[in-house]
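# Sequence and predicted model, in that order:
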Amino acid sequence: MTDLSDLPPVRLGRRGRAVRPAVPLLAALALWGYAVRHTDVSRLDDFGLVTALHPAFWAGLAVLTAGFWCTVRDPRRPGGWPAAYVLGLLLMERATQALLYPTPLYAWAWKHDGVVEHLLTVGGLQTADQVGDMAVYDQWPGFFAAQAALVRLLGVESAAMYMAWWPLVSSLMLLLPLLLIYRTFTEDRRLIWTAVWLFYAANWVGQDYFSPQSVAFALHLGVLAVVLRRYGRAGEAPGRQGQAVWTAVAGALVVAIVISHQLTPGMLVVSLLALCLVRRHRDWVPALTTVVIFLAWCLTAALPFLSAALPDMIRSVGDVGGNVATGYGTTPTGTGAVATSWAARLLSGSVLLLAVAGIVRQRVLRHRAMPLLLVAAAPLPMLVASSYGSEMIFRVLMFLLPGAAFFAAAALLPEVRTLTAEARAAEARRAGTDSAAAVRRRPALAAARGGLRAGGPLLVLLAGTLAFVPSYSGKDRINYFPPEEVALVRQLFDRAAEGSTVVAANRNYPLAYASYGTIDHYWFLEDDRRHIDEIVKDPAATLARDMAGVERPGRAYFLLTRGQRADSEMNGQLTGAQLDRIQESVARSELFRPVAENSAGALYELRTGGGAER
Amino acid sequence: MTPQELVVRMLPPFGGWLALAALALPGGSPVRGAAVAVFLAAGPGAALVGLCGPALRVRPARGPVERRDPDFARRSDLLERLMLAVLLSTCAVMTVATVLIATRAFSAQRVLLALTLLTTLAAFCPRLRGASPPTPRTQKGSAP
């Protein structure tokens, strides 16, 4: 659909042309393989994986991006090559951590593993009376129930055995819906694959981990693809014909979203309503179907959670400042944390600016892909609606990214013209009045222009692709839990009797939610600031008081690990020195007894004779 | 139905029964894992897409305004069927597992058995056919 006349001529033989794209791809994968074998993650600093990665990784990523850009711009190359490059990108982006780290990353993934374990232990859904705040997972159980089945069917010990690979799996699940959405608006494979590339490079938000959001997002894009392709008024769609079956299919996808995740149905509803703003896509059936299924779930299975959370939800409506604020414990602290945080911001900001440039520059595309523009803008009002646990800004960014990536890609490519405009330009070229004819007479000038046209976008694409690494893996010092840390926490849960309480600085450690049905937690950095100051002032006595009241046979444990330290230090809470003082105070105190210690942390138990136990 | 069509139609239920049989292998075995993962990822969805395919095709898809590549729409339709096979399978696994866990009847074998039966049923059912598009009415006086 776009003007292809700007492309440099390809002068290779047929066989050479067919094989040439394989060279950079294989070279990039070889460099990646070498880098993975020669990267040491045992001493991560505040830059996370960025400084730990072997330089061959960066070289591989650069070669892959350059190879992709050269391949996708050649209209005579088979369409399979850009797909192969995107798969290569996904491997380098989403499988590197799974290969490098011996344990799964991310405390939230470990939490979800705990939920799956709990479902398998209990064998049914529970209420807030039984499991407190964790009942929210029993009210949206779709993802966890499926994972519980998968764990047993695979015959593995727990989801932790495979969840390190989930980012790759969930990212692959997005590929087909994304392609279909883009193919609804253009036949130009350069635009389609560049948009896909930009989407994956800019999707650093990290919701691809082992979570309901990762699957719900793929289903969300699937519903949008179906609605964009099969619903609407204008064009060849014959009224309501065949719509019942498509509504059943879309309804099945919506059911799976609704039973799995709280936010995604809301995002889907606003996207489908936004689509109704354009006449050619105005069809209320998908939006109404989604609303009815969503309400049905909210008013039955999810009612206990919603009725408890409703006052807070109503208070946050309209409080944009509060909704986008990140709160205490989320301020990047230290050179590494600040630098990687800025890399992420710059990456997102650049893609959004490119998208604006694409919208302004590509007049024809803006008109043709107006529905995609609306889908991209639709999540923005959600910033006004809720804070979603201080995460709304990141979720909005993720949900608007498919649309934004399309227009950002359009900004990197030649202007889209209508067939009539192209015919007119071709006619003008033939008549020799077009500037192209003059350029042809000056091959040096033409080559320079061609180089600039290809080089500028390549640099942008390269910068975005490389910026993904610090944005996505820059906090790996927080998110990685070495085997020693897992072993220490496992030791705790192996000995903790029913009714025990675990006290820790924060929840950033593996298995934090193991046995949450029977073991309580207290994370003191989530408490009131005044109380945190009291703990810092007189750690052992204050913590012993906090831990008092545990009834037998339960015990009270104090756990401090390197994951907690990294999270506290890099997010502007207590410094490493302050946490060291707390640990020293507990270790010296008569009120505590050391239970276990290794290179990743230490575990103490409150003594029974310390007057702290009833 | 040609033998090739029969094979394609029976592949998803065969995958389901194969996955059930693979449960006899020791836990964590790669063969067991592959059989289960492949079936859960695409089996039920492929059977459902096969069942509804003719009815779904009645409604033409929307595509780019200007069409130059005659194969583009066909390839988009193929991608759509692949996407639906994967996503509907995901939906089926999540929905069946949720129903069983909500009714306290959960066991992984039951989830797999239910999905295999659903897949088998969908494969053996006659294909759903939507009403064919209305033929344009002959204009008055235009008939020969």
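Right, received. Where do you want to start?
# does the closest residue to chain A within chain B count as helix, strand or coil?
As assessed by CB to the nearest CB, chain A sits closest to B:Gly27 within chain B, at 2.2 Å. Bear in mind the C-beta positions are built from the backbone N, C-alpha and C, glycine included. The three-state label given to B:Gly27 by DSSP: H, G, I helix; E, B strand; the rest coil is coil.
# can you count the residues close to it?
Residues contacting B:Gly27 under the criterion other CB atoms under 10 Å in any protein chain shown number 14.
# which residues sit in contact with it?
Neighbour list for B:Gly27: A:154-156 [criterion: CB atoms under 8 Å, 6 or more residues apart in numbering or on different chains].
# Angles on the backbone of it, please.
Backbone geometry at B:Gly27, expressed as degrees, to the nearest 10, gives phi -60, psi 140.
# From B:Arg110, how far off is the most centrally placed residue in chain B?
Centroid-nearest residue in chain B, with CA atoms, centre = their mean: B:Ala46, separated by 2.4 Å. Counting by CB to CB, to the nearest Å, the gap from B:Ala46 to B:Arg110 is 21 Å.
# what's the answer for B:Ala97, then?
9 Å.
# My read is that A:Val156 contacts B:Ser29, right?
No. A:Val156 is beyond contact range of B:Ser29, at 10.2 Å (criterion: CB atoms under 8 Å).
# about what we covered before: by neighbour count, which of the contacts of B:Gly27 wins?
Tallying neighbours with other CB under 10 Å puts A:Leu154 at the head of those, with 22 neighbours.
# what pLDDT does it get?
At A:Leu154, the model reports a pLDDT of 96.
# any idea how chain A splits into domains?
Taking automatic domain parsing as the domain assignment, the ranges for chain A are A:14-104+A:163-327+A:337-424+A:452-476, A:481-610.
# among the contacts of B:Gly27, which are in helices?
Using DSSP state H, the members of those that fall in helices are A:Leu154.
# Need the contacts of B:Gly27 in CSV (columns: distance to A:Gly336).
Putting the contacts of B:Gly27 into CSV (distance: CB to CB, whole Å) gives the following:
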residue, distance to A:Gly336
A:Leu154, 37
A:Gly155, 40
A:Val156, 35
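# Would you mind trimming the contacts of B:Gly27 to those in range of chain B?
When contact is defined as CB under 8 Å from any CB of the partner chain, the contacts of B:Gly27 meet chain B at A:154-156.
# which residues sit in contact with the closest residue to chain B within the stretch 151-300 of chain A?
Relative to chain B, the nearest point of the stretch 151-300 of chain A is A:Gly155 (2.2 Å; CB to the nearest CB). Neighbour list for A:Gly155: B:23, B:25-29, B:32-33 [criterion: CB under 8 Å, 6+ apart].
# any chance of those in CSV, plus pLDDT?
CSV is the format used below for these (pLDDT from 0 to 100):
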residue, pLDDT
B:Leu23, 96
B:Leu25, 95
B:Pro26, 94
B:Gly27, 90
B:Gly28, 90
B:Ser29, 93
B:Arg32, 96
B:Gly33, 95
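# and those, which are buried?
Listed as buried from the contacts of A:Gly155 are B:23, B:32-33; burial here means 16 or more other CB atoms under 10 Å in any protein chain shown.
# which one is A:Leu174 nearest to, not counting chain neighbours?
Nearest residue to A:Leu174, sequence neighbours excluded (CB to CB, 6 or more residues apart in numbering or on different chains): A:Ala218, at 5.3 Å.
# Hmm, the one you found is touching B:Leu87, no?
Yes. Using CB under 8 Å, A:Ala218 is in contact with B:Leu87, at 6.9 Å.
# Any idea how many residues pack against A:Ala248?
A:Ala248: 15 surrounding residues under other CB under 10 Å.
# Would the helix or strand harbouring it count as contacting chain B?
Mapping A:Ala248 onto the secondary structure by DSSP states H and E places it in helix A:243-258. Yes. Helix A:243-258 reaches chain B (CB under 8 Å from any CB) through A:243, A:245-246, A:248-249, A:252-253, A:255-256.
# before we move on, back to that, mind listing the shared neighbours of A:Ala218 and B:Leu87?
With contacts defined as CB under 8 Å, 6+ apart, the residues shared by A:Ala218 and B:Leu87 are A:173, A:177.
# residues of the helix ranked longest in chain B that come out buried?
Longest helix in chain B by number of residues (criterion: DSSP H): helix B:72-102. Judged by neighbour count using 16+ other CB under 10 Å, the buried positions of helix B:72-102 are B:72-73, B:76-77, B:79-98, B:100-102.
# residue contacts, A:Ala56?
Applying CB under 8 Å, 6+ apart, the residues near A:Ala56 are A:31-32, A:34-35, A:38.
# how about 7 Å then?
Neighbouring residues of A:Ala56 by CB atoms under 7 Å, 6 or more residues apart in numbering or on different chains: A:31, A:34-35.
# any idea which element the closest residue to A:Thr184 other than its chain neighbours lies in?
Nearest non-adjacent residue to A:Thr184, counting by CB to CB, 6+ apart: A:Leu228, 4.8 Å away. Element membership for A:Leu228, per DSSP H and E: helix A:212-230.
# Next: A:Leu125.
Short version, using DSSP H and E: A:Leu125 is in no helix or strand.
# Quick check: the gap between it and A:Ala301.
A:Leu125 is 8 Å from A:Ala301, where distance means CB to CB.
# Between those two, point out the one with more neighbours.
For A:Leu125 versus A:Ala301, the count of surrounding residues by other CB under 10 Å is larger for A:Leu125: 22 against 19.
# Would you agree that one is in contact with B:Ile101?
Yes. In this structure, A:Leu125 is within contact of B:Ile101 by CB atoms under 7 Å, at 6.4 Å.
# Run through chain B and note the low-pLDDT ranges.
B:131-144 (pLDDT under 70).
# can you give me the helices for it?
Under the criterion DSSP H, chain B contains helices at B:3-22, B:30-57, B:72-102, B:108-124.
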